[in-house]
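1. Next input, structure requested:
(chains A and B)
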There are 2 protein chains.
Amino acid sequence: MLDPKIRLTLESVKRLSRRGAKTNLRNLINKTHPADLAVLFRHVDDRLQQEFFLLVMESQGAGEFLSELDPIEYASQLEPMGKDRIADILRDLQPDDVALIIRHLEEELGQAVLSALQVDESAEVEALLEYGEDTAGGIMTPSYLALEENVTAKEAIEILQNSGDIEMVFYLYAVDEHGHLVGALSLRHLVTHAPSTRLRDIMTSDVIRVETSTDQEEVARMVGRYDLLAIPVVDDTNKLVGIVTVDDVIDVLREETTEDMLKIAGTDYQEITNRSVLTSYKVRLPWLFASLVGGVLAAYIMGFFKMALQNVVVLSMFIPVILGMGGNLGTQSMSIAVRGIATGKIDVRRTWRFTFKELRVAMLLGITYGLLLAIVAHFYFSGGLNLGIVVGLGICFSMCLAAVIGSMVPLMLHRMGIDPAVATGPFVTTAIDILGITGYLLIARSLLL
Amino acid sequence: MLDPKIRLTLESVKRLSRRGAKTNLRNLINKTHPADLAVLFRHVDDRLQQEFFLLVMESQGAGEFLSELDPIEYASQLEPMGKDRIADILRDLQPDDVALIIRHLEEELGQAVLSALQVDESAEVEALLEYGEDTAGGIMTPSYLALEENVTAKEAIEILQNSGDIEMVFYLYAVDEHGHLVGALSLRHLVTHAPSTRLRDIMTSDVIRVETSTDQEEVARMVGRYDLLAIPVVDDTNKLVGIVTVDDVIDVLREETTEDMLKIAGTDYQEITNRSVLTSYKVRLPWLFASLVGGVLAAYIMGFFKMALQNVVVLSMFIPVILGMGGNLGTQSMSIAVRGIATGKIDVRRTWRFTFKELRVAMLLGITYGLLLAIVAHFYFSGGLNLGIVVGLGICFSMCLAAVIGSMVPLMLHRMGIDPAVATGPFVTTAIDILGITGYLLIARSLLL
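-> Presented below is the predicted three-dimensional model:
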């Protein structure tokens, strides 16, 4: 369901390309918002993609366009071009965009591109590359406005008027003679004070800041929590080295939640854009292995109940429903715990309170569906009264167990400093499967035989 | 893992409250950022929560504090106070904050509070309440700066200097004599042009805007895509009626992804903050019922294979692993599809391409684990060569099936205009269970008996 405006542009792009009308195509690209260009890029076929990419690279919006693409998307376009052509393209971009791209090229090629750039260009980029990819340093932009605190409002406005290439200015930062961050003020403050006022007298000195090594998720949380438009990044001596703007924070948030959701399912962010079957295979292999081991263990345990399963075949028919109900309830408890932790809505010191609530919900649900299933088992599968009781108790047991495991594991992982989104999924589902079946069969053996 | 600064403040709050030092507590609250107050509020015990809430309500940051809380959190504090006390508290807040709160009070109480407000206060709030909760109208703020397009830069700055109560100004909007939106410009543009320039000559007339009825998710997507700090909201005659700021967009994004993740698991956003066991019970009941029906259907189908299950008991022991591997792979395909659609990374017109890739990944994984399981089944469960083949083929079949269902269902739902995040979960897991087992038992019957 493409935006109608973009759909129209897409038709024009295809038509112009078919007709070979390069100049018209170039004009169309220049008139289109870079973010829309990224959407168009994804919707043209592979052959046209290459032509389209090159034309966009020559346009004004190249940097913004690239920052809207996924690394895998631009890397696959750039890599075949060779270092000199890539360096040519990167020359007109902001240093943070250049660093981002070089980070995602093959390592050797990235180094070669860096050497192919002019010395003055590559220095800034190299400095940015020093920082970890998922840190404030790795996502910050070095284009911001920092002024000495003794500058007047009038002088500040003049400086602002002459700083054409700095995008998205909303705050001015005040620094001392050593470049240490000492204050911040909004553009609005600047214009609403007398021209002769010094920044020192109108700025806030209690500036919320992050260090270059701060994790990008934490940066995003702070910008969101304090409703900031940009957050200054300082090094370990409190020297201002960059800012992270709110539009980058939105990208981080979207990326991190997608990552979280996919990790719970045992896969990875790169799977969304990557087209290689082999990469997907490798990403998913380990998690499914955990699940396989769990399944084999379940089979092994069921071996102890072989007689029961042979004498009362109908027992095995209810295994899917016991597993399904337990698994689903466990996933619910787990999802609430994982998201509750991520959004700070669950007090992690009150594990017991949360688990106890989940357990009560599971008991109510277990009794409801246990009764229902007991009746179904009794009448439709004519297994006698005991079968109904066994199945009913089994489902109630597996649901309660699932609630406890699903709610406690993420909280425990979080306490141990492990990201619950990454590690919870495989552990929880496998544990619920094995314990749920064991419980069910133990109940069966004691009541049926 | 509470922020150390907040932890310190938390200790102080507890100490001051124990000592009954109300004035000190009030001072501490006034000095603390409203967003931090919301975190503190969640970490004090129930008794202190009430005292704390009342003190915050008397402070400057009351509005921002409330907008950081979940509706359920403030509603449970406010409702016992009665309409007049609530109206007193709301009096000092911005109209959009007031509308938000009234929306989440019990309906009758909300109406009573609205009547208890002064006429001039309630008019604006009532206008906001007309809009749907999840629309641009429902989340916009009516405090923005709109000027006639003939105003000069100098006049605009003067107006700006006298508009103290408008928070977060970054863009000025230009309107014609009827209030229709005709342009926009940033504060920065304003200060970098000659004082006598008219807004008309420096503004952009191609303003990205939304209508009051636009879904909040779409609003968030546009702000994110075009890197905006605020987006103007117009009515159906293009009259400017409000703006949505980027900080609200961040809240929307976080809320929507949490919502999506919980809906996939068959539960709901309110579960995270709600403490009522009965509400959780009701939210989860329908989805688990779907799963129960699926489980009973699976049991029914297994009835047709009763003889096979009785003669080869070991067959039933591999049901958990067949279900588990299929379910896990299906969840992976489904998560990638759902997130890929939400982030616009999957081209929904190319369903087949995506499904085909998922199928190839599943086949590779299925062959790997099918072989492994076949060997395990053959040696450890001494079922003979055929059992190994049956189990291996069974797992491979259920994984391929899961990939097809997991990848196609979300895309098909999306095409039909149904949000895949809401409806995919139950359908996919149940379908995979039933079809996976049927396939496995059919293979068993044809190869073993």
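
2. what's the burial count for the residue of the stretch 151-300 of chain A found nearest chain B?
-> Per C-beta to the nearest C-beta, A:Gly295 is where the stretch 151-300 of chain A lies closest to chain B, at 2.6 Å. From N, CA and C alone the C-beta is placed, and that goes for glycine too. Neighbour count for A:Gly295, taken as other C-beta atoms under 10 Å in any protein chain shown: 28.

3. Where do the strands of chain A begin and end?
-> Taking DSSP state E, the strands of chain A run over residues A:146-148, A:171-175, A:181-186, A:210-211, A:230-234, A:240-245.

4. Distance to chain B and mean pLDDT added to the ones you listed, as TSV?
-> Formatted as TSV, those follow (distance: least, C-beta to the nearest C-beta, whole Å; pLDDT from 0 to 100):
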stretch	distance to chain B	mean pLDDT
strand A:146-148	14	91
strand A:171-175	10	91
strand A:181-186	8	92
strand A:210-211	12	95
strand A:230-234	10	94
strand A:240-245	8	92
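
5. quick one, which of those is nearest to B:Cys396?
-> strand A:240-245 (47.0 Å; C-beta to C-beta).

6. Could you dump the strands of chain A into TSV and include distance to A:Met222 and mean neighbour count?
-> TSV is the format used below for the strands of chain A (distance: least, C-beta to C-beta, whole Å; neighbours: other C-beta atoms under 10 Å in any protein chain shown):
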stretch	distance to A:Met222	mean neighbour count
strand A:146-148	20	17
strand A:171-175	14	23
strand A:181-186	14	21
strand A:210-211	7	19
strand A:230-234	6	24
strand A:240-245	9	24
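
7. between the ones you listed, which gets nearest to A:Ile301?
-> strand A:210-211 (49.8 Å).

8. In the stretch 301-449 of chain A, what residue comes closest to chain B?
-> A:Val321 (2.5 Å).

9. ok, now which ones touch the spatially most central residue of chain A?
-> Nearest to the centroid of the C-alpha atoms of chain A, with distances taken as C-alpha atoms, centre = their mean, sits A:Glu256, at 1.6 Å. By C-beta atoms under 8 Å, 6 or more residues apart in numbering or on different chains, the contact set of A:Glu256 is A:216-217, A:220.

10. ok, back up a step: would you mind giving the strands of chain A as CSV with distance to B:Asp251 added?
-> Listed next are the strands of chain A as CSV, based on distance: least, C-beta to C-beta, whole Å:
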stretch, distance to B:Asp251
strand A:146-148, 30
strand A:171-175, 21
strand A:181-186, 21
strand A:210-211, 20
strand A:230-234, 17
strand A:240-245, 18
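
11. Give the burial count for A:Phe356, as a bare number.
-> Using other C-beta under 10 Å: A:Phe356 sits among 15 other residues.

12. Can you check the pLDDT for the residue nearest to the centre of chain A?
-> The model reports A:Glu256 with a pLDDT of 77.

13. What of A:Leu2?
-> With respect to pLDDT, A:Leu2 has a value of 69.

14. Once you drop chain neighbours, what's closest to A:Ile443?
-> In this structure, A:Ile443 finds its nearest non-sequential neighbour in A:Leu393, 5.1 Å apart by C-beta to C-beta, 6 or more residues apart in numbering or on different chains.

15. Quick one: neighbours of the one you found, just the number.
-> A:Leu393: 18 neighbours (other C-beta under 10 Å).

16. and it, what is it in contact with?
-> Contacts of A:Leu393 by C-beta under 8 Å, 6+ apart are A:370, A:443, A:447.

17. Could you do A:Glu133 as well?
-> Here A:Glu133 is in contact with A:Arg103 (C-beta under 8 Å, 6+ apart).

18. what's the distance between it and chain B?
-> To chain B, A:Glu133 is 19 Å away according to C-beta to the nearest C-beta, to the nearest Å.

19. Which helix or strand in chain A has the lowest average pLDDT?
-> helix A:270-273 (a mean of 69; mean pLDDT, DSSP states H and E).

20. Please, where are all the helices along the stretch 251-400 of chain A?
-> A:270-273, A:277-303, A:306-311, A:314-317, A:319-342, A:351-380, A:384-415 (DSSP state H, counting those that start in this stretch).

21. can I get those in CSV with distance to B:Gln111?
-> Below are these laid out as CSV (distance: least, C-beta to C-beta, whole Å):
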stretch, distance to B:Gln111
helix A:270-273, 46
helix A:277-303, 52
helix A:306-311, 62
helix A:314-317, 55
helix A:319-342, 33
helix A:351-380, 32
helix A:384-415, 38
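
22. looking at those, which is closest to A:Val233?
-> Once these are compared by C-beta to C-beta, helix A:319-342 is nearest, at 23.1 Å.

23. what angle do that closest one and helix A:277-303 make?
-> Put simply, helix A:319-342 runs at 120 degrees to helix A:277-303, going by axes from the mean of the first three to the mean of the last three C-alpha atoms, to 10 degrees.

24. ok now helix A:319-342, how far from the chain's centre?
-> How far helix A:319-342 lies from its chain's middle: 21 Å, per C-alpha atoms, centre = their mean, to the nearest Å.

25. can you state the direction angle for it and helix A:351-380?
-> Using the same axes, to 10 degrees, helix A:319-342 lies at 160 degrees relative to helix A:351-380.

26. Buried residues in helix A:319-342, which are they?
-> Buried residues in helix A:319-342, counted by 16 or more other C-beta atoms under 10 Å in any protein chain shown: A:319-342.

27. Count the residues that sit near A:Tyr226.
-> Neighbour tally, A:Tyr226, other C-beta under 10 Å: 15.

28. which one is A:His104 nearest to, not counting chain neighbours?
-> Nearest one to A:His104, counting by C-beta to C-beta, 6+ apart, is A:Pro71 at 3.6 Å.

29. where in chain A is pLDDT low?
-> By pLDDT under 70, the weakly predicted segments of chain A are A:1-2, A:164-169, A:272-275, A:344, A:347-349, A:382-385, A:422-424, A:426, A:449.

30. Residue ranges of each domain in it, please.
-> Residue ranges for each domain of chain A read A:4-138, A:146-255, A:276-448, as given by automatic domain parsing.

31. which of those domains sits most buried?
-> domain A:276-448 (a mean of 21; mean count of other C-beta atoms under 10 Å in any protein chain shown).

32. and the gap between A:Leu16 and A:Gln50?
-> A:Leu16 sits 15 Å away from A:Gln50, going by C-beta to C-beta, to the nearest Å.

33. actually A:Ser122, not the one I wrote
-> 27 Å.

34. Alongside chain B, which residues does the stretch 51-200 of chain A contribute?
-> Within the stretch 51-200 of chain A, the positions adjacent to chain B are A:64, A:68, A:70, A:157, A:160-161, A:168-170, A:187-188, A:190-192 by C-beta under 8 Å from any C-beta of the partner chain.

35. from these, which two are the most distant?
-> Longest span within these, C-beta to C-beta: A:Asp70 and A:Thr192, 41.7 Å.
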